[in-house]
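test case, fold it:
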Amino acid sequence: MPKQVVPEEARRRRRPTRQGSVLSETLIVHTALRVLREHGGTGLTARRLGTALGADPSTLYRYFAGMDDLTRAIGEELMGRALDNWTATGHWQADLRALGLAIHSSYLAHPQAAVLTASRVTGRPREIAVDEAILGILRGAGFPDATAVRVYHAFIDSSLAFAALDAGSLALTDEARERDEEMWSSTYARLPADTHPHIATTARLLAGRMTHSAYPVVLDTLLNDAAAQLTTAEPRPVPRNEHHAQEALPDAAGPPSVSRRAPGPARPR
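Here you go, the predicted model:
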């Protein structure tokens, strides 16, 4: 006889851990974020996570297929938190800017986790919800499908690339990060004009700019370019069922409150 399939819920641990908590995927992911913050990406192991949860490490495999599966769940959590801090307003350019900043900010709030997950495609529900929202905004604004996909690709990749870049700086020790930041005033600002005329001329401006993320500038440039493309594009007919989807987007995308958080702490180049 074939082995009976045990329903997923039946495989979950019901007894509290040594710390008095009942395990769940959410609790494991939140604890993993704490372990990453304290020990970095290489410090996230099943044994260390089990200790932090007060459970046997093997218990984790009731919830995740392995550590890689857990990594994807962590990435989904960061993406989902961005979605929770955003809501659509009906103005496509403002909505995408706010969502991009929310994604960037969500990842920078957990720099070690961002470095670990920014390059991953999780295929999990909350990540899919973000992708659906972005494409829905672009198609609803009238972008032809090919252009919508191209702008979506540039938007999400630049958001995650800058999240990984800026998070990499935040994941450094304070001493290493300060040493990098000081390089603009201790080294670049002192280069002689006869050998480096362009750097010497702009040294003060560089020192004021290069310790901050370039993501807001890149995001605005991307969205302005997309807006220029939209003015010359053939309007895309919107089927009736997509009108309904667009009307439902604000409620599906997140809670009523809108976050316009700053793009994150300063970083060296």
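
which parts of the single longest helix found in the chain are buried?
Counting residues, the longest helix found in the chain (DSSP state H) is helix 145-170. Buried residues in helix 145-170, counting neighbours by 16 or more other Cβ atoms under 10 Å, are found at 147-148, 151-152, 155-156, 158-160, 162-170. Bear in mind the C-beta positions are built from the backbone N, C-alpha and C, glycine included.

same question, stretch 96-112
Buried residues in stretch 96-112 (16+ other Cβ under 10 Å): 96-112.

quick one: terminal-to-terminal distance for stretch 188-208?
12 Å (Cα to Cα, to the nearest Å).

so for it, mean pLDDT?
Mean pLDDT, stretch 188-208: 96.

starting at the chain centroid, how far to it?
The chain centre lies 34 Å from the centre of stretch 188-208; the measure is Cα atoms, centre = their mean, to the nearest Å.

got a list of contacts for that stretch?
184, 185 (Cβ atoms under 8 Å, 6 or more residues apart in numbering).

for the record, mean pLDDT for the helix or strand containing residue 74?
Element membership for residue 74 (DSSP states H and E) is helix 67-84. Averaged across helix 67-84, the pLDDT comes to 97.

tally up the residues packed near the residue nearest to residue 61 when sequence neighbours are not counted, please.
In space, residue 61 comes closest to residue 46 once its chain neighbours are excluded; the distance is 8.0 Å by Cβ to Cβ, 6 or more residues apart in numbering. Residue 46: 17 surrounding residues under other Cβ atoms under 10 Å.

ok, residue 46 - contacts?
57, 58, 60, 61, 67.

swap in residue 44?
So residue 44 contacts 32, 35, 36, 67, 116 (Cβ under 8 Å, 6+ apart).

which ChimeraX command selects the buried ones in those?
Command for ChimeraX that selects the buried part of the contacts of residue 44, burial taken from 16+ other Cβ under 10 Å:
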select :32,35,36,116
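
out of the contacts of residue 44, which is nearest to residue 177?
Residue 177 has its nearest neighbour among those in residue 36, at 17.8 Å by Cβ to Cβ.

ranges for the helices of the stretch 151-269 of the chain?
For the stretch 151-269 of the chain, the helices defined by DSSP state H, counting those that start in this stretch occupy 174-186, 197-209, 215-232, 240-253.
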